[in-house]
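In: Predicted structure and sequence below. I'll ask about it afterward.
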Amino acid sequence: MSRTLLVTGAAGFIGANFCHYWAARHPGDRLVAYDLLTYAGNAASLKALLDRGQLTLLRADIGDAEAFGRAMADHDVHWVVNFAAESHVDRSIRDPGAFVRTNVLGTHVLLDVVRGLWGASPGAERRFHHVSTDEVYGTLGPDDPPFSESTAYAPNSPYAASKAAADHLVRAYGRTYGVPFTLSNCSNNYGPYQFPEKLIPLCIVNILSGRPLPVYGDGRQVRDWLHVTDHCRAIEAILTRATTGTSYNVGGGAELRNLEVIEALCRRIDAAFLTTPSLGERFPSAPAARGEVSASLIEFVRDRPGHDRRYAVDGRLLERDLGVTADYTFERGLAQTVQWYLDNEPWWRAVMDGSYQDWIERQYGTTAP
Ligand code: NAD
Ligand code: TYD
């Protein structure tokens with residue numbers, strides 16, 4: 001059966017990867033990208049799909065009930081996949097209101113519209129899938145068991161609190177009004193098309209530009225790294241096979257300290273410069289262009305306020321119910337990601353945002369030139 005998927009936040013990092021993934025595996029389905037194209041949204045990430053006519057792009061706000069209702073009706077949507085969000089913890093420290101507006105109120109608008117359209121008996125072919133984060137669970141001590149689906153919510157950043165509120169609304173709309181939802185809480189994603197404000201792409205771009213690599217605090221905070229393609233595969237399994245009303249945690253099985261991640265990136269880029277001498281000409285400010293190591297750019301800076309110490313995800317329910325585990329090792333995923341950024345310099349040069357960079361440098365006391 002051919003379906004229509006409306007993907008909010010489709011021009012962002014995970015949304016764009018999801019659209020590419022879906023179009024390749026389900027060529028008979030129709031994709032409607034619904035995205036406000038904020039600083040984090042980039043239509044260029046969807047270019048190949050737009051050129052091939054495999055996707056329709058609508059520039060609109062998830063907080064705009066009329067626009068969303070029209071999109072739903074015009075395209076007779078079966079599945080909504082909600083990626084749209086303000087997604088960066090540091091930005092949520094600078095401007096929490098934007099996170100409440102988009103993540104909480106925006107999700108509420110989507111839920112209200114689908115409830116109105118689909119009614120109390122939506123039929124088996126309708127689904128609202130909400131994409132959330134492991135950050136809703138708060139922080140773990142070094143010996144705590146990983147977050148499971150029954151771990152209590154205890155968000156610490158404005159970002160995490162806004163995502164937690166949205167998750168609660170999704171669940172409540174399911175229980176109260178019969179909105180047919182599924183929900184997933186995943187760990188830190190990495191891969192192609194990620195905006196260079198998040199740790200991995202930021203460090204890649206800074207190494208290539210010879211800028212400092214800001215390590216918040218002692219750099220011993222732990223994240224569980226999930227390659228974005230493994231995340232897309234998990235969402236596909238949940239959409240196509242999970243029972244309505246269920247939540248799944250999605251992890252990458254790769255718990256690493258931030259400093260380990262940064263050092264692995266430095267080694268990877270140094271090795272690339274050794275095997276591909278033309279990189280030295282393309283990126284003359286990179287330490288490796290002068291025969292120095294990228295790790296010389298590491299700089300310890302002020303810690304992030306409220307910085308969560310450790311995230312780790314227990315993915316056993318997803319494995320048991322749907323047979324999904326992560327395929328990518330961190331090493332393979334990192335190599336693929338570094339190569340993508342080396343091959344796609346015009347993409348990342350076009351999306352950099354000067355005013356935010358200035359704020360980050362003041363906030364954390366980095367010494368970028
Ligand atoms: P992103 O910041 O790269 O992209 C967000 C997208 O949403 C952008 O295209 C932006 O233009 C769009 N958007 C923002 N506000 C909007 C609005 N009001 N209306 C319509 N579109 C709007 O985010 P991402 O990293 O791709 O994350 C996608 C989802 O996954 C988010 O819900 C995020 O909370 C969740 N998540 C991300 C990660 C991660 O590591 N990136 C981890 C866990 C969960
Ligand atoms: P980030 O990519 O912002 O994801 P999240 O905060 O959602 O986990 O950060 C990942 C980790 O890296 C987090 O512990 C904060 C840290 N970090 C730095 O040390 N320096 C940086 O410049 C950034 C952006 C993050």
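Out: Noted; the coordinates are in hand. Ligands and ions are numbered 1, 2, ... in the order given.
In: doesn't residue 229 fall inside a helix?
Out: Yes - under DSSP: H, G, I helix; E, B strand; the rest coil, residue 229 falls within a helix.
In: Who are the contact partners of it?
Out: 17, 21, 191, 327, 328 (C-beta atoms under 8 Å, 6 or more residues apart in numbering). C-beta here means a position set from N, CA and C on the backbone, and glycine is covered the same way.
In: That one and ligand 1, how far apart?
Out: 13 Å (C-beta to the nearest ligand atom, to the nearest Å).
In: Neighbour count added to the contacts of residue 229, as a markdown table?
Out: Listed next are those as a markdown table, based on neighbours: other C-beta atoms under 10 Å:
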| residue | neighbour count |
| --- | --- |
| 17 | 23 |
| 21 | 18 |
| 191 | 24 |
| 327 | 12 |
| 328 | 22 |
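In: Surely residue 285 and residue 206 touch.
Out: No - Residue 285 is beyond contact range of residue 206, at 10.0 Å (criterion: C-beta atoms under 8 Å).
In: Which one's more surrounded, those two?
Out: Counting neighbours by other C-beta atoms under 10 Å for residue 285 and for residue 206 shows that residue 206 has the greater number, 21 against 12.
In: isn't the more buried one right up against residue 213?
Out: Yes - with contact defined as C-beta under 8 Å, residue 206 and residue 213 form a contacting pair (5.6 Å).
In: Find residues that contact each of the two.
Out: Contacts common to residue 206 and residue 213, judged by C-beta under 8 Å, 6+ apart, are residue 297.
In: any idea which helix or strand carries residue 41?
Out: According to DSSP states H and E, residue 41 maps onto no helix or strand at all.
In: and it, how many neighbours?
Out: Neighbours of residue 41 using other C-beta under 10 Å come to 22.
In: Contacts (any at all) between ligand 2 and stretch 78-85?
Out: No - Stretch 78-85 stays clear of ligand 2 (C-beta under 6 Å from any ligand atom), getting no nearer than 11.7 Å.
In: So which residues make contact with that stretch?
Out: So stretch 78-85 is in contact with 3-10, 12, 14-15, 18, 34-36, 62, 72, 102-103, 106-107, 110, 114, 125-131, 162-163, 166, 235, 239, going by C-beta under 8 Å, 6+ apart.
In: Against ligand 1, how distant is residue 68?
Out: 9 Å.
In: Return the residues in contact with that residue.
Out: Counting by C-beta under 8 Å, 6+ apart, the residues that residue 68 touches are 34, 60, 62, 109, 110, 113.
In: where does the fifth one land on pLDDT?
Out: Residue 110 is assigned 98 on the pLDDT scale.
In: Can you tell me the closest non-neighbouring residue to it?
Out: Nearest in space to residue 110, with sequence neighbours left out and distances taken as C-beta to C-beta, 6 or more residues apart in numbering, is residue 62 at 5.6 Å.
In: give me the number of residues near the residue of the stretch 201-350 of the chain found nearest ligand 1?
Out: Of all residues in the stretch 201-350 of the chain, the one sitting closest to ligand 1 is residue 226 (7.4 Å; C-beta to the nearest ligand atom). Residue 226: 28 surrounding residues under other C-beta under 10 Å.
In: How about residue 143?
Out: 6.
In: so how far is ligand 1 from it?
Out: In terms of C-beta to the nearest ligand atom, residue 143 sits 24 Å off from ligand 1.
In: Does that residue belong to a helix, a strand or coil?
Out: Assignment for residue 143 (three-state DSSP): coil.
In: Now do the same contact list for it.
Out: So residue 143 contacts nothing (C-beta under 8 Å, 6+ apart).
In: tell me the phi and psi of it?
Out: Main-chain dihedrals, residue 143, degrees, to the nearest 10: phi -110, psi 10.
In: Ok, residue 57 next?
Out: phi -110, psi 120.
In: Residues of the stretch 1-150 of the chain that sit close to ligand 1?
Out: 8-9, 11-15, 35-38, 40-41, 61-63, 83-85, 87, 102, 106, 131, 133.
In: Restricted to buried residues, select those in ChimeraX.
Out: Restricted to buried positions by 16 or more other C-beta atoms under 10 Å, the ChimeraX selection for these reads:
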select :8,9,11,12,13,14,15,35,36,38,40,41,61,62,63,83,84,85,87,102,106,131,133
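In: Determine the longest helix present in this protein.
Out: helix 158-177 (DSSP state H).
In: helices and strands around that one, which ones?
Out: Helix 158-177 is packed against helix 89-94, helix 96-99, helix 107-118, strand 127-133, strand 181-186, with contacts defined by 3 or more C-beta pairs under 8 Å, 6 or more residues apart in numbering; DSSP states H and E.
In: closest to residue 247 out of those?
Out: strand 181-186 (4.2 Å; C-beta to C-beta).
In: List the neighbouring strands of that closest one plus their orientation.
Out: Partners of strand 181-186 in the sheet, by DSSP bridges, are strand 127-133 (parallel), strand 247-250 (parallel).
In: Helix or strand next in line after the shortest one, which one?
Out: By that I understand strand 247-250. strand 255-257.
In: next SSE after that next one?
Out: Using DSSP H and E, the helix or strand that directly follows strand 255-257 along the chain is helix 258-275.
In: tell me the average confidence for that next one?
Out: Mean pLDDT, helix 258-275: 98.
In: contact partners of the helix or strand just after that helix?
Out: The C-terminal neighbour of helix 258-275 among helices and strands, as given by DSSP H and E, is helix 278-282. Helix 278-282 has contacts (C-beta under 8 Å, 6+ apart) with 272, 273, 286, 288, 289, 342, 345.
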